[in-house]
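Undergrad: could you look at this predicted model? Sequence included:
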Amino acid sequence: MQVILNTYGSHLGVKDGNFLIRTRDRKLELAPRKVSSILATTGISLTSDAVKLAMTWNIDLVFLDEFGSPYGRIWHCRLGSTTAIRRRQLEASRSAEGLRLARQWVARKLENQIGHLADLRKRRSRKSRELTASIDKLKQLQQALEKIRSGRHDQVREQIMGLEGSAGRVYFQALADVLPSRYTFRGRSRNPARDFFNCLLNYGYGVLYSLVERGCILAGLDPYTGFLHTDNYNKMSLVFDLIEPYRVWADKTVMLLLSGRKVKESHFDKLKGGYSLNKDGKSLLLSRFNKFLDEAKRYRGRNIKRRHIIQFDCHVLANTLLKKSKTEKVPETVEF
């Protein structure tokens, strides 16, 4: 169970070994064994006993800003095999190995985008021609991605990111074209979002960022050492790399809400230059998105909830890094 505290003035404490959540008009006790994570938005208070209980049960405690982006979290301090994994991760980040992995993640992202547009085409026959054209463009970019085989490390990275950016523009234009006119948008916009679509999507991506960061930490990976995204101060480069195949989950959830006309103007607060989700808007999105994430699907020979796929993939990456040779030299050129 994921606990979301988004009511202003909510308090998280402990009673008789259980979490105790209090709002102005409600009390709720939860056994820690039933809780997988706790997300706290603005205006929430908590006790040190609640933090200790969460750490004892390996429950990550995440703090989100008004846009849904995690700005802090509390973890236990046990490292395990983290040092060896992170040493290998650093080696891979500077080699062809890391770019091979990054290209695989981008390829999965493009495949998921194509699949999403194909699903939309089945239900929107009037837009079939336009969606088919967009799918064809994405397939061409897929082929171009596959052809990237050699070059200097920084050049290959720029080529992959350039193709990813081109695919994003094609994909989001296709989504904009099939939405009801009141929800349409012009390109991606972030904090603040300029429209309802981007406002919902940014918050959904914020939830995914939190899940990916959690997956990295529990698997012993360093969220700040990426393979595709460049190193930058306080930038979680690996999280930005790993999230790409999963973004479509938020895309699908937001499209279903908007296409079903479940979203109202009252779900948003007007800001200078854009919008933010209010309490009712967050509840609407998180209720639908968490239901989607908790659905089980067949993945690599097993039935697994979507949210657990992220953790599974992070552990696969950590194990892959540990099994690789530790004597690989950093090449001047990249050969896939």
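TA: Received, thanks.

Undergrad: which stretches of the stretch 101-250 of the chain form strands?
TA: If DSSP state E, counting those that start in this stretch is used as the criterion, the strands of the stretch 101-250 of the chain fall at 150-152.

Undergrad: quick one, domains of this protein?
TA: Partitioning the chain according to automatic domain parsing yields domains covering residues 2-64, 82-335.

Undergrad: mean neighbour count and distance to Trp75 added to those domains, as JSON lines?
TA: Using the backbone N, CA and C atoms, a C-beta is placed for each residue, glycine as well. Compiled in JSON lines, those are given as follows (neighbours: other CB atoms under 10 Å; distance: least, CB to CB, whole Å):
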{"stretch": "domain 2-64", "mean neighbour count": "16", "distance to Trp75": "6"}
{"stretch": "domain 82-335", "mean neighbour count": "17", "distance to Trp75": "6"}
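
Undergrad: kindly reformat the ones you listed as a markdown table containing mean pLDDT and distance to Tyr71.
TA: Putting the domains of the chain into a markdown table (pLDDT from 0 to 100; distance: least, CB to CB, whole Å) gives the following:
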| stretch | mean pLDDT | distance to Tyr71 |
| --- | --- | --- |
| domain 2-64 | 89 | 6 |
| domain 82-335 | 90 | 10 |
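
Undergrad: dump those domains to CSV, plus distance to Arg73.
TA: Supplementary listing: these in CSV, determined by distance: least, CB to CB, whole Å:
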stretch, distance to Arg73
domain 2-64, 5
domain 82-335, 7
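
Undergrad: in the protein, which helix is the longest?
TA: helix 96-123 (DSSP state H).

Undergrad: and that helix, what does it pack onto?
TA: Packing contacts for helix 96-123, counted by 3 or more CB pairs under 8 Å, 6 or more residues apart in numbering; DSSP states H and E, involve helix 82-93, helix 128-146, helix 153-178, helix 237-242, helix 247-259, strand 333-335.

Undergrad: please state the offset of the second one from the chain centre?
TA: In other words, helix 128-146. Offset of helix 128-146 from its chain centre (CA atoms, centre = their mean, to the nearest Å): 24 Å.

Undergrad: again with the fourth one
TA: Relative to the mean C-alpha coordinate of its chain, helix 237-242 is positioned 9 Å out (CA atoms, centre = their mean).

Undergrad: contacts for it?
TA: The contact list for helix 237-242, computed with CB atoms under 8 Å, 6 or more residues apart in numbering, reads 89, 102, 105, 209, 212-213, 215-216, 221-231, 310, 313-314, 317.

Undergrad: as CSV, could you dump the C-alpha coordinates of that helix?
TA: Coordinates of each C-alpha in helix 237-242 appear next as CSV, following Å, rounded to 0.1, in the frame of the first residue of the first chain:
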residue,chain,number,x,y,z
SER,A,237,21.1,11.4,-14.1
LEU,A,238,20.5,7.6,-13.7
VAL,A,239,16.9,8.2,-12.7
PHE,A,240,16.4,10.3,-15.8
ASP,A,241,17.9,7.4,-17.9
LEU,A,242,15.9,4.6,-16.3
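
Undergrad: which helix or strand contains Gly72?
TA: Secondary structure assigned from DSSP states H and E places Gly72 in strand 70-74.

Undergrad: for that strand, which strands pair with it and how are they oriented?
TA: Under the criterion DSSP bridges, strand 70-74 sits next to strand 60-64 (antiparallel) in its sheet.

Undergrad: nearest to Gly43, of the helices and strands packed on helix 96-123?
TA: When these are ranked by distance to Gly43, counting by CB to CB, first place goes to helix 247-259 at 24.4 Å.

Undergrad: ends of stretch 226-238, what's the gap?
TA: Across its full length, stretch 226-238 reaches 4 Å end to end, with CA to CA, to the nearest Å as the criterion.
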